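> predicted coordinates and the sequence they were generated for:
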Amino acid sequence: MHIKKLEIAGFKSFVDRTAIHFDHDVIGIVGPNGCGKSNIVDAIRWCMGEQSAKHLRGKSMEDVIFNGSESRGPAGLAEVTLTFDNSDPTYAELLPPEYRDYPEISVTRRLFRDGTSEYLINKTQMRLRDVTELFLGTGVGTKAYSIVEQGRIGQIVSSRPEDRRLFIEEAAGVTKYKQRKKQAERKMELTRQNLLRITDIVSEIDRTRASLKRQVAKAERYIAYRAELEDLFLHDASHKYLELTVVERVEHDAFSASKEGVEASRARLSEGETQLEAARSEATSIETRADETAKAAFEADNEVSGLSAEIERSRDRLHHLEERLTAARSELDEIQRRLAEHAGEKSELESRIESLSADENAREADAAQEDASLADLRAEEARALDEVQRLRQLVAETGAQVAAVSARLDAQVQRLAEAFTRRDRLSTERDQMSGEIENLEARKHALERSVAELAEGKRLTAQEREELEREMTGLGARQLDSERAVDAAKNELGLKKNRLRALEELHRRLEGVGAGVRALLGKNDASVVGMIADRIEAPEELTAAFAGLLGDRLQTVVVKDLDRGVELLNELRKSERGRASVVAQRPPYVAGSVHGVAARDAAVLGVLSDRLFYAPEDELLVRALVGDALLAQSPEDALAVAARHPGTTVVSLDGTVVRPDGVMSGGSGDDVASAMVEQKREMRTLAEDVAQLEESCGRLVTDHNALRARITELGTSLDRAREGAHEGALAHMNAEKDLSSTQDEIGRTRNRIAQLDSEIAEVVRTIEGATSAEAECQNQRDELESQLEHARHALTKAEALAMSWNDRVAGQAALVTERKVRLAQVREQMDAARGALERVETSIRDLNQRAERLDQEMTEAASGAGETAARIMLAVEARKDASERARTAHVELDEARGLLEQVRFALGTREAELKSLRDELSAHDEAMRKAEMALQRIELEREHLLANVRDRFRGLDLRRVVGDYHARPMPDDEQRRRIDELIQLIDRMGPVNLDAQAEYADAEQRFQALAAQKIDIERALEDLDRAIKHMNRESRRRFKETFDAINELFKKSFTRNFRGGRAELQLTEHEDLLSAGVDIIAQPPGKKLGNIELMSGGEKALTAVSLIFAIFQYKPSPFCVLDEVDAPLDEANVARYNEAIRSMTENSQFILITHIRKTMQSVDVLYGVTMGEPGVSRLVSVKVNEDAVQRSDARAHNAIGSTPPPASEDATQVA
């Protein structure tokens, strides 16, 4: 599943469509910083389904779309296509079954600017989940170890143990189990929720059934009460409605009559007010003349008074008494004259009064006669008005009867139209139901066939499931035996490994070694090779001899250069950290060869150096330390050999040493040298045993894995079978439910057809009855309309007669008024004459009194009147003229006042007439207002009645049913009491569920169906629980095996990459193995075991590389993308890094992004990326490494058994 091609368009800086072909094992991508090299890694990760914008070095997913540059606009979408080679069956088997047979698999991802995204596999649109599942278990994915981007290599070491665990899980193939487990858990949770909901629903439906059963009985009582109430209420309301209709017509006629009276009264009142205004203008004019006359009389009187005063003053004069006497005589004469005039005037006035009195009596008699005539005319008018009122009442009653019959007729017509409409609608619905019956029958037959097929499928699935379960049971027993054998082998292997690790730990700690030696070995000096005990090893039977010969020299430190050894000893001495011995790895002084005679001695078992184990580079060291030492069986033999061959060192098997100088050493005890040699030998033996056990355990694990794979395959098949059985059961249940529902629907449809037939027959009967009732109502209405026409004709004649009497009354009333006005005028004239007579008599009395006073004054002033006589005469004459003027003015004033009184009397009469007209207008207006209020009240009562019926009976229009109730007797008090009783009964019942019967049937049906469904869900829940437990067991086993294997490979990889040191993986403490994290314990050579965070960047990177390569050795990924992973490594580690990559190319393809020259030189093909145009990345060149091509071709030809072709002389350059 190597990557064959990567196509990018609009992704980040790759705006133009760019295709990169990956046709070699190791591909290098190079270019300057910022040119977009890492965008290739992001494109691969993004195409494989990465959902975190942060992992793609962005803030939002829209950041992956090319956002434009100085010369280019933004792209509308980003598209990346990965094409994989699927020809390797090893990786093809890991893919979902539907993709295993494709030679190539292409994955495409698109993201549009509006946020819309698409995923395609082999140009077929898929879901993100399909893309994710495609890579599960292959070692490839967005979170797998196959992609290590820039800066992440160090995070592998410093990340949380839980995050580091993901690499082990991917290598173990656990991720697909985790994915399936998540799906199963989600399905299980949904199933639990469904079960919980169904349990709640079943309980609720069970409670609802009991409640609905009570509601059914309550609804039946309610329907009976409501039907009775509707009949009684509509009966009462219909008669109320008819009564209101009749009263409305009567009140409407009264309103019309009052309105006509108001209009006539207003016309007469307007005319009267015009005449009154004219009379008032005349009265105002007369009053003005009277005022002017009164003013003239006042001025004349003032003049007379002035003259009289002047005469009076003249009398007072001493020298004018004569003139006063003369004036008095003249005044007396005038008085006499005036008395004579007043006497004649008095006689005339008395005659006039007698004449006016006779005229008044005659006019009073005339007025009384006219009043009597007016009373007779008004009596006739009253009788005519009574006849009009009687005829109006008859017209109103007949009109009410016509309205009632018309309402019944309209109701029958409406009822007939509704009946025809209902008949047509019911017929149409019946035709539709008939067609629906045919469709339902066809559907029922199809569902019956489907139910039979599903039942057969259910039986076959159950049979298959039983066979798989039987096979699964047998394989389960075999698996248990295999697991016990594997566990036993692993236990033994674990014991030996633990013993080996303990010995290695003791050896690492340099237990029993002197302080000086530990100090030198702890310096981590490059010239220090190690101790002699680490460099040379003896077999088990020679352990005592080797330890006895070298003794304390086993702790001698081996150095590459003796001069450096001297410097180390000097440093040791200065630091006072103990003593130590050093020896050069290639010492300058080496002992000679053993003499052939000594070696052929019968007591000699051989040369000790020939029996030791050491590296080739330590040969001189062994010859220098061991020399020609010979082996003997016992101390005695050793002594005898030494004696026979002087100058020879002989050591026995028990460790007794005889030296050339004659010194002999031996014995027993806690010898450190022997312990070190024995420990080294045991370590070697344990290592061999561990290797054998690992091989044996590997075979057992392989067999167990094969068995487990079969069990897994069977488990998957069994899960599919169970799922298929569950789905089949659900499908069968649904099909049966659909069939039952269809059958019920057929039954309901047929019942509805029968109901429709019954309703159509009832409607036909209704049409016949309504037709007959319509004809009867039509006849009644014609007869009543004829009666109404006769009554209206009689009313018109009566109203005309009443109007004529009204006109005669009005004329007679005007004549009476005229007579009364004339009588008033006569009386006013007589009053004026009497007033004038009274004034004349008063004037006569005044004149007589004045004459008497003048006589007295004349007698007194006779003696002195001579001189003043002329002046008195003049004054008398002047006063006489003034008096005449005053008299004339007073006469005119009296006449004006008389005329004013007459006008005021006529004005009062006119105002009385207008008051009468206003009272009449007010009476008509009040009658019209009362009639209008009565009409409004009737309309309100009618609307209230209609609204009450609509509210009570679901929008029923009372006017449509009046004809059904008008013929029934009037409602009585007993019926109204029953209505109140029914209303109270219904109100006490509270809310009523009228659909309770249908709901009870539905609830019962749902209860049965859900109870069966609950049982199915409980079984499905058990199946899911078993599947999750199986996946957990399988995941734990796989993870543990993979962890142990990768741990061992990591130890070796770390030691190889660091040239020493040690490291291992440990699981964090956790109750469940599936949740335990992975810790890295690492100790580079020459350093103490400490916190891994304190390691340098290069050490962290090399540690992470060691872990990644260990995972690849255990489970190679089809490809691996490493983005500048070699950046923190030094030159030597880069070389080892490239060697390790090259060693894994047989199974994996590597894509390296690098700046390191050595890495560039090691790749097969080199791509260059540049940014010639600002913000736009381009693939500018491809350089092929010919040596790498030869290596790749050689492996390819070796794989098919042929000889590789010779390399081309020229390097390939593709611009």
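Received, thanks.

> V517 against R553, yeah?
No. Here V517 does not reach R553: they are 11.3 Å apart, not a contact under Cβ atoms under 8 Å. All C-beta spots, glycine's among them, are computed from the backbone N, C-alpha and C.

> if I look at D1079, how far off is T1068?
6 Å (Cβ to Cβ, to the nearest Å).

> anything in contact with each of these two?
Jointly contacting D1079 and T1068 under the rule Cβ atoms under 8 Å, 6 or more residues apart in numbering are P161.

> which of V517 and R553 has more residues huddled nearby?
When V517 and R553 are compared for neighbours, V517 comes out ahead with 20 against 14, by other Cβ atoms under 10 Å.

> how about the one helix or strand that one maps to: buried residues?
Using DSSP states H and E, V517 falls within helix 515-521. Buried residues in helix 515-521, defined by neighbour count with 16 or more other Cβ atoms under 10 Å: G516, V517, R518, A519, L520, L521.

> so what pLDDT did R329 get?
pLDDT, R329: 72.

> please apply the same query to L6.
Note on L6: pLDDT of 92.

> how close does S270 sit to A264?
11 Å.

> of these two, who's got more company?
A264 (13 against 10).

> where does that one sit, in terms of helix or strand?
Per DSSP H and E: helix 174-316 holds A264.

> tell me the helix or strand right after that helix.
Heading C-terminal from helix 174-316 (DSSP H and E), you reach helix 321-509.

> packing partners of that next one?
Counting by 3 or more Cβ pairs under 8 Å, 6 or more residues apart in numbering; DSSP states H and E, the packing neighbours recorded for helix 321-509 are helix 174-316, helix 672-861, helix 869-952, helix 958-965.

> how does it look with 10 Å?
Contacts defined by 3 or more Cβ pairs under 10 Å, 6 or more residues apart in numbering; DSSP states H and E place helix 321-509 against helix 174-316, helix 672-861, helix 869-952, helix 958-965, helix 996-1058, strand 1062-1067.

> then the shortest one to PDB, C-alphas only?
C-alpha atoms of strand 1062-1067 as PDB (Å, rounded to 0.1, in the frame of the first residue of the first chain):
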ATOM      1  CA  ARG A1062      19.700   1.000  28.100                       C
ATOM      2  CA  ALA A1063      16.100   1.900  27.700                       C
ATOM      3  CA  GLU A1064      12.700   0.200  28.000                       C
ATOM      4  CA  LEU A1065       9.000   0.900  27.900                       C
ATOM      5  CA  GLN A1066       6.900   0.500  31.000                       C
ATOM      6  CA  LEU A1067       3.100   0.600  31.500                       C
END
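
> give me the low-pLDDT residue ranges for the stretch 301-450 of the chain?
Low-confidence segments of the stretch 301-450 of the chain, defined by pLDDT under 70, span residues 311-325.

> again, but for the stretch 451-600 of the chain
The stretch 451-600 of the chain contains residues with pLDDT under 70 at 491, 494-513, 589-600.

> residues in contact with C47?
Contacts for C47 (Cβ atoms under 10 Å, 6 or more residues apart in numbering) come out as 6-8, 11, 79-82, 106-110, 119, 131, 142.

> the residues you listed in strands, which ones?
Those of these mapping onto strands are 6-8, 79-82, 106-110, 119, per DSSP state E.
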